[in-house]
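K.L.:
Below: sequence and its predicted model.
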Amino acid sequence: MPIQVLSDQLASQIAAGEVVERPSSVVKELIENAIDAGAKTINVDIRNGGRNLIQVADDGDGIPADELEVAFMRHATSKLRTAEDLNTIYTLGFRGEALAAIAAVSQLTAVTRAKGETAGTRLVLEGGHKSGRETVGAPQGTVIAVENLFYNLPARLKFLKSVTTERRLIDEYVTRYALAYPEIRFRLTHDNRLTFQSNGSGQLMDVLVSVYGPDTARDLLEIREEEEETAGEPEEKQSPTKAINVSGYAGPPRHNWANRNHITLFVNGRWIKDNRLTYAVIQAYHTLLPTGRYPLAVVFLEMPAEQVDVNVHPTKAEVRFRQSNAAFSAVQRAVRQTIIADSPVRQGGHFASFQPSGWAGTTARHDSDSWDDSGWESQSAFDLDWSSGSEGDSPITGSSPAAAGTNETMAGGGRIPIMRVVGQVGAAYIITEGPDGLYLIDQHAAHERILYEQFMAAWQENGRNEGIASQGLVTGAVVQLTPPQAALLDEHLALLSQIGFQVEPFGPNTYMVRSLPAVVARLDPARALMDVIEDLERGDEPLQSKIEARIILRVCKSAAVKAGQTLSRQEMEAMIHQLENCHNPHTCPHGRPTLIHLSVAQLAREFGRT
């Protein structure tokens, strides 16, 4: 084909693909424009996950009537004049692409009245083309309504995620900017339901309460940098980190999560994605968190605008630092100082490894299964009361899914042989004797396998149609979630009900747990629900297509006996009896071995008898 210049319409639609990826991109750009316009109140109204309507209303300076059409032209901006201005950008927007890109792929209506004007102006655009303009009565500020996003790009529309996923991404953007600008009052509604609101008091703690709930917000630690001694040093010899001010809040180690999504970074009021700075926050918690767990932190960096390049990506979510090592060091040091300053001195008793027989305390073993407020493993609240007589005597209702008894004596495949309990070592491993030697059994992994097979058997038998049996709570447990977590929970409420959880709304982003699955009824209800939500947040797990199995796996891990819990002989015999009846007793549901076999022949070799 001959080389030709693309039409303005096609060029705008192509450019829109860089700026407007999904409904949350529209929300982000419109909120940034409202903030730059000096708004004190920003209302966001969403319909059908942003497919049908995205409306952002603010009380900012507004757009002058004679500049309204120009505002929707490509590369039209009031924030830049010369190339040198790119070196000192303090506004959130500056590229002049967002409004044109949004208008090119939607049916857009803008109503605005600038400061000093006596009437407002209403402009209607369809696919970037003006279809109407009129003078209307309107308060000062701007209201932009984006309808039928991607109506003229059906291929892009098909690639949008579910309504709940798009809603969750919008929630994340709104809450981030509410954190960055606590002096602005944000209000977010989905399908006429209020899901988030901040009061605009200017106090970051008020926004943290709205986002994370009062219990979590109360425990957050304010980040305060210790001043370095630089008096008398020439300016050129002072540390480059002195030009970087780090503030915000960090969670204590006991508040940890299954992913990095709760680490939020801002540079000069702009939310950014930066793997290096995220790693700096994680490194600040080095040795303080269990493996695979991540902290909660809201970190603000303030630095001269010339030290950071925000003109890196059309979405402006990625930046470059002139001195990236200085930014990394400043964040890591500030967060680490905050965490260490708050850490209590651990008592010597926490480090005792083993105690004489009959001790009913805990071990100081580092394990991610169960952690108390100090960060060390504690005795599980799941108090065993098993008897060795039969499965029905277990407090875990329901029988083992496997047939009772087996004559197999080989541990290499299939069932394990019948074993006799000898004792427990390290409050973590059960020693048993079998027909062909000695067995060491990991009590946590073994109990996980038992619960998993019981749960899956109940699910396969009744769960898909009637739901798994649940046990009601005498008093419900209240759980407050962030708006994205609440959206995720709403999406899976029906499935949780089938699994045995009865959860009902109890206010904005707040839920009441009324019942738990009967097989794990002794779990802490709030902790059980949070564990499930954290697992659901990992949307890229291999078992995404079998979400019910993932939930069951997480619940069983939380409910299983922990390493460090002393068991009576009766409890150990009951556990071994149930493990013998499992279909796959050799590994826990995560693939870790449940037992180690030392044969008689191997023992003889070790003692030099052969």
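P.N.:
Cool, got the structure.

K.L.:
Quick check: phi and psi on Ala446?
P.N.:
phi -70, psi -40 (degrees, to the nearest 10).

K.L.:
Wait, it touches Pro593, no?
P.N.:
No: in this structure, Ala446 is not within contact of Pro593 by CB atoms under 8 Å, at 9.8 Å. Quick note: C-beta positions are derived from backbone N, CA and C, even for glycine.

K.L.:
For those two, indicate the residue with more neighbours.
P.N.:
Ala446 (26 against 14; other CB atoms under 10 Å).

K.L.:
Check the chain for its longest strand and report it.
P.N.:
strand 470-480 (DSSP state E).

K.L.:
quick one: the strands in the stretch 501-610 of the chain?
P.N.:
Applying DSSP state E, counting those that start in this stretch to the stretch 501-610 of the chain gives strands spanning 502-505, 510-517, 595-599.

K.L.:
got the buried residues for the shortest one?
P.N.:
Read it as strand 502-505. Gln502, Val503 (16 or more other CB atoms under 10 Å).

K.L.:
now that strand: mean pLDDT?
P.N.:
Taken as a whole, strand 502-505 carries a mean pLDDT of 86.

K.L.:
from the middle of its chain, how far away would that strand be?
P.N.:
Taking CA atoms, centre = their mean, to the nearest Å, one finds strand 502-505 lying 20 Å from the centre of the chain it belongs to.

K.L.:
Quick check: can you name the pairing partners of that strand and their directions?
P.N.:
strand 510-517 (antiparallel) (DSSP bridges).

K.L.:
pull the CA atoms of the partner strand into PDB?
P.N.:
The C-alpha coordinates for strand 510-517 follow below in PDB (Å, rounded to 0.1, in the frame of the first residue of the first chain):
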ATOM      1  CA  THR A 510     -17.700  -4.000  56.100                       C
ATOM      2  CA  TYR A 511     -19.000  -7.600  56.400                       C
ATOM      3  CA  MET A 512     -20.300  -9.900  59.200                       C
ATOM      4  CA  VAL A 513     -19.200 -13.600  59.300                       C
ATOM      5  CA  ARG A 514     -22.200 -15.500  60.600                       C
ATOM      6  CA  SER A 515     -21.000 -19.100  60.100                       C
ATOM      7  CA  LEU A 516     -18.000 -21.200  59.100                       C
ATOM      8  CA  PRO A 517     -17.600 -24.500  57.400                       C
END
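
K.L.:
Just the buried positions in it, please.
P.N.:
Tyr511, Met512, Val513, Arg514, Ser515, Leu516, Pro517.

K.L.:
can you give me the angle that strand makes with strand 470-480?
P.N.:
160 degrees (axes from the mean of the first three to the mean of the last three CA atoms, to 10 degrees).

K.L.:
Numbering from 46 from now on, please.
P.N.:
Okay, using 46 as the starting number, the last item reads as strand 555-562.

K.L.:
Now do strand 555-562: distance to the chain's middle.
P.N.:
20 Å.

K.L.:
tell me the mean pLDDT over it?
P.N.:
86.

K.L.:
Residues contacting it, please?
P.N.:
The contact list for strand 555-562 (CB atoms under 8 Å, 6 or more residues apart in numbering) reads 258, 500, 513-518, 521-526, 531, 534, 544-551, 568, 570-571, 573-574, 600.

K.L.:
Sort out which of those residues are buried, if you could.
P.N.:
258, 500, 513-515, 521-522, 524-526, 531, 534, 544-548, 568, 570-571, 573-574, 600.

K.L.:
that older thread, which one of the buried residues of strand 555-562 is nearest to Ala102?
P.N.:
Tyr556 (29.1 Å; CB to CB).

K.L.:
Describe which strands the longest strand of the chain pairs with in its sheet and in which direction.
P.N.:
Strand 515-525 is paired, per DSSP bridges, with strand 555-562 (antiparallel).

K.L.:
how far away is Glu363 from Val312?
P.N.:
Glu363 is 11 Å from Val312, where distance means CB to CB, to the nearest Å.

K.L.:
Name the residue in the two with the higher neighbour count.
P.N.:
When neighbours are counted by other CB under 10 Å, Glu363 and Val312 differ, and Val312 comes out ahead with 22 against 14.

K.L.:
sec struct for the nearest residue to the more buried one once chain neighbours are set aside, please.
P.N.:
In space, and not counting its chain neighbours, Val312 is closest to Leu346: 4.8 Å by CB to CB, 6 or more residues apart in numbering. The three-state assignment at Leu346 reads strand, by DSSP: H, G, I helix; E, B strand; the rest coil.

K.L.:
neighbours of Leu346, just the number please.
P.N.:
26.

K.L.:
Just give the nearest non-adjacent residue to the spatially most central residue of the chain, would you?
P.N.:
In the chain, the centroid-proximal residue (CA atoms, centre = their mean) is Asn306; its distance is 4.6 Å. Leaving aside its chain neighbours, Asn306 sits nearest to Glu582 (6.5 Å; criterion: CB to CB, 6+ apart).

K.L.:
from what I can see the one you found touches Arg305, true?
P.N.:
No: if you go by CB under 8 Å, Glu582 and Arg305 don't touch, sitting 10.4 Å apart.

K.L.:
And the two? Which one has more around it.
P.N.:
Legend: neighbour count by other CB under 10 Å for Glu582 and Arg305, higher for Glu582 (17 against 14).

K.L.:
Need the pLDDT of the more buried one.
P.N.:
75.

K.L.:
can you check Ala155 too?
P.N.:
pLDDT at Ala155 comes out at 95.

K.L.:
That one contacts Leu168, doesn't it?
P.N.:
Yes: with contact defined as CB under 8 Å, Ala155 and Leu168 form a contacting pair (4.8 Å).

K.L.:
who touches both of these two?
P.N.:
Leu113, Phe117.

K.L.:
Can you give the contact residues for stretch 209-220?
P.N.:
Counting by CB under 8 Å, 6+ apart, 67-69, 72-73, 76, 89, 91, 94-96, 205, 231, 233, 235, 240-241, 256, 316, 527-529, 531-533, 535-536, 584 sit against stretch 209-220.

K.L.:
how does this protein divide into domains?
P.N.:
53-246, 265-271+287-387, 436-642 (automatic domain parsing).

K.L.:
now the longest one: how far from the chain's centre is it?
P.N.:
Pointing back at domain 436-642 there. On CA atoms, centre = their mean, the centre of domain 436-642 falls 23 Å from the chain's centre.

K.L.:
now swap in the second one and tell me
P.N.:
Centroid displacement of domain 265-271+287-387 relative to its chain, using CA atoms, centre = their mean, is 16 Å.

K.L.:
what is the mean pLDDT for it?
P.N.:
86.

K.L.:
now the contacts of stretch 209-220: which count as buried?
P.N.:
67-69, 72-73, 76, 89, 91, 94-96, 205, 231, 233, 235, 240-241, 256, 316, 527-529, 531-533, 535-536.

K.L.:
Could you measure from the closest residue in space to Asn290 that isn't next to it in sequence over to Arg321?
P.N.:
Closest residue in space to Asn290, ignoring its immediate chain neighbours: Glu347 at 4.3 Å, by CB to CB, 6+ apart. Distance of Glu347 to Arg321, computed by CB to CB: 18 Å.

K.L.:
SS state for Ala190?
P.N.:
Going by three-state DSSP: Ala190 is strand.

K.L.:
who's in contact with it?
P.N.:
So Ala190 contacts Leu98, Ile99, Gln100, Leu153, Thr154, Ala155 (CB under 8 Å, 6+ apart).

K.L.:
let's see 6 Å
P.N.:
Gln100, Thr154 (CB atoms under 6 Å, 6 or more residues apart in numbering).

K.L.:
Kindly report the same for the one 3 residues further on.
P.N.:
With contact set as CB under 6 Å, 6+ apart, Asn193 has these partners: Gln152.

K.L.:
low-confidence ranges in the stretch 446-595 of the chain?
P.N.:
446-459, 504, 507-513, 564-566, 583-595 (pLDDT under 70).
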